[in-house]
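Novice: All I have is the shape, not the residue letters:
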């Protein structure tokens, strides 16, 4: 059986769920695109180069470069932990396309990308749909929910090729400063969640002298390997994640490594499970933060740029963890009030290259003062004090409002 044969009998305009991020099964996706005149392509964080033509509708709950500027995009807002419920209700899949290892002992491994795929497989099999796997000898074998029985797959297509490396992030001075501010707040024995990028990398790489650290995260990259090599991680506790990407060295390290447990999104991103981790420390970024400590991490000029992702899941989980902390780390983009939909709020602190604004436990007046004096760029502090007055965030008379010395 080939791909075209496997797709016979599908309903009109079927929904195709395809592995995204850095695990797109490009070969099978190309065959699928050649076989169907019309379909709905559902993918998380789609990279550039995905099929983009008449007849293809892009769908997602987290927008990547391949869908970001599509005027016909069907964006379905959802916390990442809740995406699996969409497959059971509003967005049932007709086909699921995986990127896996070759079979071994009756199983394949999803390798670097588990995420929402197990729930998609379960949903499509209940509907009598199709599961296709692209088997790639360069995909590392990972354990946990990454392992899938061959009985759950209808067609395996062999197609080898290197996985794309993660983009190299360069820690400029501002990123290094922000990372330093955050890392000084992390103590031995903490549990870490951080994304990819210059600020998270700078934060994690600043923790190599810590000991007994744990990792419970949505994704990780080479900075976690650096902590492992430095002896900073607790070797008795597995590294738990839902997807990963990075250098060839990282991929070689995770291959058949029992220290790494890949879990489905319903596990890694469940706030209740996140909260069980000791001193859970969440580091996320934003596009802007306002004087009410509301963060916009999703939209630019009302256009969707990314989505909720796991930010809300981990902020809530970290804040409920014993000794937990949730940081929003960004360059000093503090505005009077975000004019975009809010992604998250009620974090522990907002961290910029200017310093740390303490948020949790302070009233709204003190939160605003912290943001102006410790997080905002000096060039906008006078304006922010004026705006704070207009917003009712200053207790003193207007003519007594002064910028911080």
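Specialist: Nice, thanks for sending it over. Being a predicted model, the structure only gives us computed values, none of them experimental.
Novice: what about stretch 243-255, how long is it end to end?
Specialist: Criterion Cα to Cα, to the nearest Å; first-to-last residue distance in stretch 243-255 is 13 Å.
Novice: Break down the stretch 301-405 of the chain into its strands, ranges please.
Specialist: 303-304, 325-329, 334-335, 344-345, 349-352, 355-358 (DSSP state E, counting those that start in this stretch).
Novice: What strands line up against the last one, and which way round?
Specialist: So the one you mean is strand 355-358. strand 349-352 (antiparallel) (DSSP bridges).
Novice: count of residues packed around residue 337?
Specialist: The number of residues packed near residue 337 is 12, by other Cβ atoms under 10 Å. (Glycine included, C-beta is placed from N, CA and C.)
Novice: ok, now residue 382?
Specialist: 13.
Novice: how much space between it and residue 335?
Specialist: Distance, residue 382 to residue 335, by Cβ to Cβ, to the nearest Å: 14 Å.
Novice: List the buried residues of stretch 369-385.
Specialist: 369-376, 380-381, 384-385 (16 or more other Cβ atoms under 10 Å).
Novice: contacting residues around that stretch?
Specialist: Residues outside stretch 369-385 that contact it (Cβ atoms under 8 Å, 6 or more residues apart in numbering) are 289, 291, 293, 332, 334, 336, 350-352, 354-359, 362, 388, 394, 401-404.
Novice: Mind checking which of these are buried?
Specialist: Applying 16+ other Cβ under 10 Å to the contacts of stretch 369-385 flags 289, 291, 293, 332, 334, 336, 350-352, 354-359, 388, 394 as buried.
Novice: Make sure I have this right: residue 156 is in a helix.
Specialist: No. Counting by DSSP: H, G, I helix; E, B strand; the rest coil, residue 156 is not part of a helix but strand.
Novice: so who does it touch?
Specialist: 100, 103, 108, 132-133, 135, 150.
Novice: tell me the pLDDT at it?
Specialist: The per-residue pLDDT reported for residue 156 equals 98.
Novice: beta partners of it?
Specialist: Beta-bridge pairing for residue 156 (DSSP bridges): residue 133.
Novice: Any regions of the stretch 51-200 of the chain where pLDDT drops low?
Specialist: Scanning the stretch 51-200 of the chain with the threshold set as pLDDT under 70 gives 168-169.
Novice: how about 90 then?
Specialist: Flagging of the stretch 51-200 of the chain using pLDDT under 90 yields the residue ranges 165-172, 194-200.
Novice: can you pull the buried residues of stretch 159-179?
Specialist: Buried positions in stretch 159-179, judged by neighbour count with 16+ other Cβ under 10 Å: 163, 166, 169, 171, 174-179.
Novice: my guess is residue 310 meets residue 270, correct?
Specialist: No. Between residue 310 and residue 270 there is no contact under Cβ atoms under 8 Å: 10.5 Å.
Novice: Overlap of the contact sets of those two?
Specialist: residue 81.
Novice: quick one, which of the two is more surrounded?
Specialist: More crowded of residue 310 and residue 270, by other Cβ under 10 Å: residue 310, with 25 against 16.
Novice: Tell me which helix or strand residue 96 sits in.
Specialist: strand 95-100 (DSSP states H and E).
Novice: tell me how far that strand is from the chain's mean position?
Specialist: Remark: strand 95-100 is offset 20 Å from the chain centroid, using Cα atoms, centre = their mean, to the nearest Å.
Novice: packing partners for that strand?
Specialist: strand 15-18, helix 26-35, strand 107-109, helix 117-126, strand 130-135 (3 or more Cβ pairs under 8 Å, 6 or more residues apart in numbering; DSSP states H and E).
Novice: go again using 6 Å as the cut-off
Specialist: If contacts are counted by 3 or more Cβ pairs under 6 Å, 6 or more residues apart in numbering; DSSP states H and E, strand 95-100 sits against strand 15-18, helix 117-126, strand 130-135.
Novice: Point out the most buried one among these.
Specialist: Of those, the one with the most neighbours on average (mean count of other Cβ atoms under 10 Å) is strand 15-18, at a mean of 26.
Novice: in its sheet, what does it sit against?
Specialist: strand 39-42 (parallel), strand 95-100 (parallel).
Novice: for the record, mean pLDDT for that strand?
Specialist: Strand 15-18 comes out at a mean pLDDT of 98.
Novice: Now stretch 24-40: buried residues?
Specialist: So stretch 24-40, judged by 16+ other Cβ under 10 Å, has buried residues 24-29, 31-33, 35-36, 39-40.
Novice: Check those and tell me the two furthest apart.
Specialist: Taking Cβ to Cβ as the measure, these span a maximum distance of 20.5 Å, between 27 and 40.
Novice: Would you mind measuring the gap between the ends of stretch 13-27?
Specialist: 21 Å.
Novice: cool, and stretch 135-154?
Specialist: For stretch 135-154, the end-to-end distance is 13 Å (Cα to Cα).
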